[in-house]
Structure formats: C-alpha cells, structure tokens
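Peer 1: below are the sequence and a predicted model; questions follow.
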Amino acid sequence: MATLDTSFKPERAHLHTPKRGTITERVVPQSVSGRYRRLKWIALIVCLAVYYALPFIRWAHGPGQSDQAVLLDLERGRLYIFFIEIWPQEVYYLTGLLVLATLALIWLNAVAGRIWCGYFCPQTVWTDLFLLVERWVEGDRRERLKKKGAPLTLRRTLEITLKHAVWLLIAMLTGGAFVLYFIDAPTLLVDLATGRASAIAYAWVGILTCTTYTLAGFAREQVCTWMCPWPRLQGAIWDPEALTVNYRDHRGEPRASAKKALELRAKGEPAGDCVDCMQCVNVCPIGIDIREGPNFACINCGLCVDACDGVMVKLDRLRGLIDYEAWTNIERERRNEPIRQRVIRLKSVSVGLSIVALAGVMGVSLSMRSDAKITVVHDRNPIAVKLSDGRIRNGYAVRLYNKADVERSFELTVSGLRDASVEVVGEDGPVSAASDATRELRVPVTTAEVDRQSIIFTAIDVETRRAVTAQDVFIPAEGGR
C-alpha cells in the first residue's frame, strides 16, 4: 500500500520527504458505505449533471447571437454566462473571478481543510467514477489485489478490455462535453457525430480524452499528492481550528485486537479502541494513514471516518475515533479540557467578508457598465504639428465600441481646450457604429493653445443621449513646421 509520510507535529508543521515507492505503487482503495460516502455520491452526481447539462441550457442573448446560456465564443470574442456578457476588453472580470475562486478555496480551507478536494474537485469526481467502473468489472479491493500479477486468462482479458473500453467512453464523453462550451452545443454535437466538425474540435476531444483517461484511470492519487499545488500550500495556510479529518490518538492508543483489549482491561492495563484493522488506510483514496497525525496529502473526504465508525459499531464502541474535528480540540481532549468549536473566528469571517466585498464590487460594476465605450490613443509620430498659421495640431486614434445589438450613431466632442476644432477624418456628422462591433477613427484636434493640457473625448449616443468619455493630453509642438 502506498503511503505518504507527511505527519504533522504541533510545534512545527512541514511536509516530510515521501517514502520510497510512493510514486511507483498504485493505491487500490476499498469500497465503503456511510454518510460521507453518500455525500460524495451526491456531489459526484451533481457535478457531472452540471458539467454535461450546462451547455444545453438556453438563454436569449439578443438578435444574431447564440442562445447558449454558458458559452465562450472565440469567433466573436465573447463570454456568455447567462445574463452576463463579457468582451475581450473586460478580461479584468475574469481576473476578478479567479481571485474570487482563490479566496473561496482559502475560506473553505479555514473552515474544513481540503474539503473541496475531497468532494468537488474534477480529479476526485472523475477518479470516483473510474473507480466505480473498476469495482463493477473487477470486484472490490481484495479481488483486484488477487488479480494483480495473476496469470492472464480469457476472463481476465475480457475484464481488462471492458474496463478500459468504459473508461475510454467516459473520457471521450468528457472531452466532447468540454468543447461544447466553445460552440453552440446542439449544432456541434450533431457535427461531431456525423463527421462534419472541424479538425480542431476533433483534436481537442482527443486531447481531453487522453488527459481524462490518464489522470482518472492511472495517475489518480499521484495528481492529488504530487501534481496539485494545494498540498504544498497547506504548509502556509493549514489551520488547526479547521474541521479536518483527525484521529483521536488519546482514545485509540495503545492499539490492540478486540480480544486482546478485553484481556488487558480485565488486568487493569491500558488498551485503546483502535484494533489496528487498517480499514481507515484501505479505504483512503490517497493511501495515507490518518493515525499518524494531520497529513497535508489528506483530501478530507471522510471515507476513513465511515470505515472506522463501521468497525466501532460492530464492536459496540463509540463512534468518532476518526472524525471531522479541529486539531486544537484533539489536543484539548488529550489534556481533558472542554472542546471549543471555532468555525466562526477572525480568519474565517475576514476571508468571508472579503469574498462578499469582492463579489459585491464585481456585481455593482457589471450592473453599472455601459453598452458603449471609447478609448483614445495619442499619435506617437509626430506627437504634435505646428501649422503655418501658428496653431498646434495633435492626432488621435479613437476607438468606439458598440456592445448593443443594433447599429448606433454617436456625436464626438472634445472638451478642455479653448477655441479647438475637431475633425473626424472621413466623417461629416454623427459617427455610425455597427451592432456588436468596434469602429476606429482618425481624429485631429487643432487649437491655438501652446500649454500641455488634459482633454476629454466624449461620444454621445444620438438617440439615448447617453455619453461615454475617455481622457488624454494635448501636447504643444516643440520644433514645429
């Protein structure tokens, strides 16, 4: 059994050097039943349902646009998330979402450790699904270990073939569902099935099929232990007050079989509740022994809790030898002190408020953003020109963004200069901008002023009279001509 020696010492938290063989040996977890296993099945079903169904949900985005609720339209440069439409120029919203997701992970870690990893991480979800197929075809842990290295028979060959065929089917469906988020899902699905899809679509389905098949079928716990950065971050953000899976060593030690424990207690000698049955290790998808102490590789899935509780019930002993409990409370119990639940504390509240604040700012920004935008870039060469009559001319590249679904006309004005003349090259009157498009304009500004001056460009919608502005600078000519 592969294990990772990352035990935690209260006075010094650090990740120990893994033992030899932990990379080459594969973990073969045993099935288990219990409340946390049921929660994991529910999480798996919900996650898979959302992943596969989301591309087919319809949402009206306007005339001439896709009605797919969640779509990253690379051709038109749009990201649709139900009623939200994000342009390439608004990539800062995606940055905000990434920061929000990071804060959410930190908050979850402060409340319940790597609870995300144990229940909702895609690696966990698809690994659970692949393990379900493996158990259905080859049997539970004991049967799979017996077959490992056994002579290859016809039955064994058929089992291996069936298992990998189902794995590849799931992986292909996973890759196929992912590309549906980039093109209209029903259309692309028909094209993929009939061979009319583009080579790029088939290539991405193939790439994602291979990655899903490899990571969920073979890498499994190695991804959670070695490839994922989250275990490395545990050394910095591990919280002893978080509700993580822990072993009550003061109650379980010294370990002894059920019969031996009765004999020791009859003699008045100490005997713990742990019978060293190894069920907690056998069911662990990572292959660690939680009895060694808090472990940074633990994904907090709670399967060892279910396994241990099952053994305790059979032995007529109290549940909770392994349980979701704060490490500080384990230490308090060891000292016979009352436990304290401190889920609501400074760290969890402050990170939670940060999440609410950032989400609020992004929500307000999205609700107040305009469906038009103007940007201005000053000419670099020449920066300024002195005309024969002594006036100064600066040139600007003005870009109008029309995010509406209809063509619009804008009046372009400049403020901040006295007696300035503004010309839009090639235009005589309001400037039109096509629907869902940008318009680049060449705008020379001429004035008699010679001092460096800030100016404001304003584009006013002719119909609604709504205005958008952009600021730049007017620069005097040094040499002139």
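Peer 2: Looks like it arrived, so ask away. Quick caveat: nothing in here was measured; it's all calculated off a predicted structure.

Peer 1: what about the residue lying closest to residue 453 once chain neighbours are set aside, neighbour count?
Peer 2: Nearest residue to residue 453 in three dimensions, chain neighbours excluded: residue 474, at 4.7 Å (Cβ to Cβ, 6 or more residues apart in numbering). Every C-beta, even on glycine, is put in place using the N, C-alpha and C of the backbone. Neighbours of residue 474 under the rule other Cβ atoms under 10 Å: 24.

Peer 1: got the contact list for residue 474?
Peer 2: Taking Cβ atoms under 8 Å, 6 or more residues apart in numbering as the criterion, residue 474 is in contact with 392, 394, 416, 417, 445, 447, 449, 452, 453, 454, 455.

Peer 1: what does residue 319 give?
Peer 2: 309, 312, 313.

Peer 1: can you add distance to residue 104 and pLDDT and give those back as a markdown table?
Peer 2: Formatted as a markdown table, those follow (distance: Cβ to Cβ, whole Å; pLDDT from 0 to 100):
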| residue | distance to residue 104 | pLDDT |
| --- | --- | --- |
| 309 | 30 | 95 |
| 312 | 34 | 94 |
| 313 | 35 | 94 |
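
Peer 1: just give the number of residues close to residue 276.
Peer 2: Using other Cβ under 10 Å, residue 276 has 14 neighbouring residues.

Peer 1: please enumerate the strands of the stretch 101-250 of the chain.
Peer 2: For the stretch 101-250 of the chain, strands defined by DSSP state E, counting those that start in this stretch occupy the ranges 244-247.

Peer 1: circling back to that earlier point, for the residue nearest to residue 453, give me phi and psi.
Peer 2: Dihedral pair for residue 474: phi -100, psi 130, per degrees, to the nearest 10.

Peer 1: equivalent analysis for residue 401, please.
Peer 2: Here residue 401 shows phi and psi, under degrees, to the nearest 10, equal to phi -110, psi 120.

Peer 1: so what's it up against?
Peer 2: 87, 89, 372, 373, 374, 375, 433, 438.

Peer 1: where does the fourth one sit relative to residue 402, distance-wise?
Peer 2: In other words, residue 373. When distance is defined by Cβ to Cβ, to the nearest Å, residue 373 is 9 Å away from residue 402.

Peer 1: more neighbours: which of these two?
Peer 2: residue 402 (23 against 19).

Peer 1: report the separation between the residue nearest to residue 453 and residue 431.
Peer 2: Distance, residue 474 to residue 431, by Cβ to Cβ: 21 Å.

Peer 1: what does residue 126 give?
Peer 2: Counting by Cβ to Cβ - residue 126 and residue 431 are separated by 52 Å.

Peer 1: swap in residue 99?
Peer 2: 37 Å.

Peer 1: comparing these two, which residue is more hemmed in?
Peer 2: Under the neighbour definition other Cβ under 10 Å, residue 99 and residue 431 were set side by side, and residue 431 has more, 19 against 14.

Peer 1: so what's the backbone phi/psi at the residue lying closest to the more buried one once chain neighbours are set aside?
Peer 2: Leaving aside its sequence neighbours, residue 431 sits nearest to residue 410 (Cβ to Cβ, 6+ apart; 5.1 Å). Main-chain torsions, residue 410, degrees, to the nearest 10: phi -130, psi 140.

Peer 1: check contacts around residue 410.
Peer 2: Counting by Cβ under 8 Å, 6+ apart, residue 410 has contacts 372, 400, 430, 431, 432, 433, 459, 460, 461, 462.

Peer 1: could you look up the SS state of the second one?
Peer 2: So that's residue 400. strand (DSSP: H, G, I helix; E, B strand; the rest coil).

Peer 1: quick check: it touching residue 431?
Peer 2: Yes - between residue 400 and residue 431 there is a contact under Cβ atoms under 8 Å: 6.7 Å.

Peer 1: what do the two both touch?
Peer 2: Common neighbours of residue 400 and residue 431 (Cβ under 8 Å, 6+ apart) are 410, 439, 441, 459.

Peer 1: between the residues you listed, which is nearest residue 251?
Peer 2: Set against residue 251, the nearest of the shared contacts of residue 400 and residue 431 by Cβ to Cβ is residue 459 (72.1 Å).

Peer 1: dump the residue contacts of the closest one.
Peer 2: Counted by Cβ under 8 Å, 6+ apart, residue 459 has contacts 372, 374, 400, 410, 411, 412, 431, 467, 468, 469.

Peer 1: and the gap between it and residue 69?
Peer 2: In this view, residue 459 and residue 69 are 32 Å apart by Cβ to Cβ.

Peer 1: could you list the low-pLDDT ranges of this protein?
Peer 2: 1-24, 235, 478-481 (pLDDT under 70).

Peer 1: for it, longest helix please?
Peer 2: helix 154-179 (DSSP state H).

Peer 1: show me what that helix is packed up against.
Peer 2: Helix 154-179 is packed against helix 35-53, helix 122-138, helix 185-194, helix 199-214, with contacts defined by 3 or more Cβ pairs under 8 Å, 6 or more residues apart in numbering; DSSP states H and E.

Peer 1: point out the most buried one among these.
Peer 2: helix 122-138 (a mean of 19; mean count of other Cβ atoms under 10 Å).

Peer 1: same for that helix, what does it pack against?
Peer 2: Against helix 122-138 (3+ Cβ pairs under 8 Å, 6+ apart) you get helix 35-53, helix 141-147, helix 154-179.

Peer 1: centre of the chain versus it, how much separation?
Peer 2: 21 Å (Cα atoms, centre = their mean, to the nearest Å).

Peer 1: may I have that helix as PDB, with CA atoms only?
Peer 2: Output of helix 122-138 as PDB, limited to C-alpha atoms (Å, rounded to 0.1, in the frame of the first residue of the first chain):
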ATOM      1  CA  PRO A 122     -12.800  17.400 -11.000                       C
ATOM      2  CA  GLN A 123      -9.900  15.000 -10.300                       C
ATOM      3  CA  THR A 124     -11.800  13.500  -7.400                       C
ATOM      4  CA  VAL A 125     -15.100  13.300  -9.200                       C
ATOM      5  CA  TRP A 126     -13.800  11.500 -12.300                       C
ATOM      6  CA  THR A 127     -11.500   9.300 -10.200                       C
ATOM      7  CA  ASP A 128     -14.500   8.200  -8.200                       C
ATOM      8  CA  LEU A 129     -16.400   7.500 -11.400                       C
ATOM      9  CA  PHE A 130     -13.500   5.400 -12.800                       C
ATOM     10  CA  LEU A 131     -13.100   3.500  -9.500                       C
ATOM     11  CA  LEU A 132     -16.800   2.700  -9.700                       C
ATOM     12  CA  VAL A 133     -16.400   1.200 -13.100                       C
ATOM     13  CA  GLU A 134     -13.300  -0.700 -11.900                       C
ATOM     14  CA  ARG A 135     -15.100  -2.200  -8.900                       C
ATOM     15  CA  TRP A 136     -18.100  -3.100 -11.100                       C
ATOM     16  CA  VAL A 137     -15.900  -5.000 -13.600                       C
ATOM     17  CA  GLU A 138     -13.100  -6.400 -11.500                       C
END
